[in-house]
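In: the following block contains a protein sequence and its predicted model.
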Amino acid sequence: MTAAPSRRDAALERTFRITVILKGLDGVLELVGGVLLLFASPQRVHAVVRWATQHELAEDPHDRFANLLVTASQHLTGSATLFGALYLLAHGIVKVVLVWAVLRERLWAYPWMIGFLGLFIVFQCYRMVVHFTWTMLALTVFDLLVVALTVREYRIRRRVS
């Protein structure tokens, strides 16, 4: 007979599910962005970026992030847009499939989720060394939390199986 899960275990299980679902929603957004980017011209992307940053730049014309986006969108080429679309689509598909499989408690998916997020954590750390942002730090900390919770859940699921 197994003991009922403690309140702490139940809270960690709930936190795990919530963080994995958020990763899945992120994957869906990447898929949507990839599809939109696939059919958008570089000029259209630039127009959308200008529209999306106009309020921020009106308040602070020296906003580094907004200016970076506008500058980057001005120099987009068709091949860069295609690369971005394919990158987002591939990343989104992998994320959605892994999240679906982990939520269905498919044991094979846990190590893949851990490895996949581990690669992105390494990349994000590199990006922060090159150009630190609080957003990247928050994303990295969130990904570390998801990895830690996934490792915990994987160990539990393996014992139960």
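Out: Thanks, I have the structure now.
In: what's around residue 25, how many residues?
Out: Other residues near residue 25 come to 13 when the count uses other Cβ atoms under 10 Å. In this view, the C-beta of every residue, glycine as well, is placed from N, C-alpha and C.
In: how about the secondary structure of it?
Out: Reducing the assignment to helix, strand or coil with DSSP: H, G, I helix; E, B strand; the rest coil, the entry for residue 25 is helix.
In: and it, how far from residue 86?
Out: 21 Å (Cβ to Cβ, to the nearest Å).
In: also residue 137?
Out: In this structure, residue 137 lies at 27 Å from residue 86, with Cβ to Cβ as the measure.
In: same deal with residue 9?
Out: For residue 9, the distance to residue 86 (Cβ to Cβ) stands at 41 Å.
In: again with residue 48
Out: In terms of Cβ to Cβ, residue 48 sits 19 Å off from residue 86.
In: quick check, central residue of the chain?
Out: The structure's the chain has its C-alpha centroid closest to residue 26; by Cα atoms, centre = their mean the separation is 5.3 Å.
In: skipping its backbone neighbours, what lies nearest it in space?
Out: Taking Cβ to Cβ, 6 or more residues apart in numbering as the measure, residue 26 lies nearest to residue 95, with 6.6 Å between them; neighbours along the chain are not counted.
In: show me the contacts for the residue nearest to residue 42 when sequence neighbours are not counted.
Out: Among residues not flanking residue 42 along the chain, residue 76 sits closest, at 3.9 Å (Cβ to Cβ, 6+ apart). When contacts are counted by Cβ atoms under 8 Å, 6 or more residues apart in numbering, residue 76 is found next to 42, 45, 46.
In: quick one: pLDDT of residue 76?
Out: The per-residue pLDDT reported for residue 76 equals 84.
In: can you tell me the SS state at it?
Out: For residue 76, the reduced secondary structure class is coil; criterion used: three-state DSSP.
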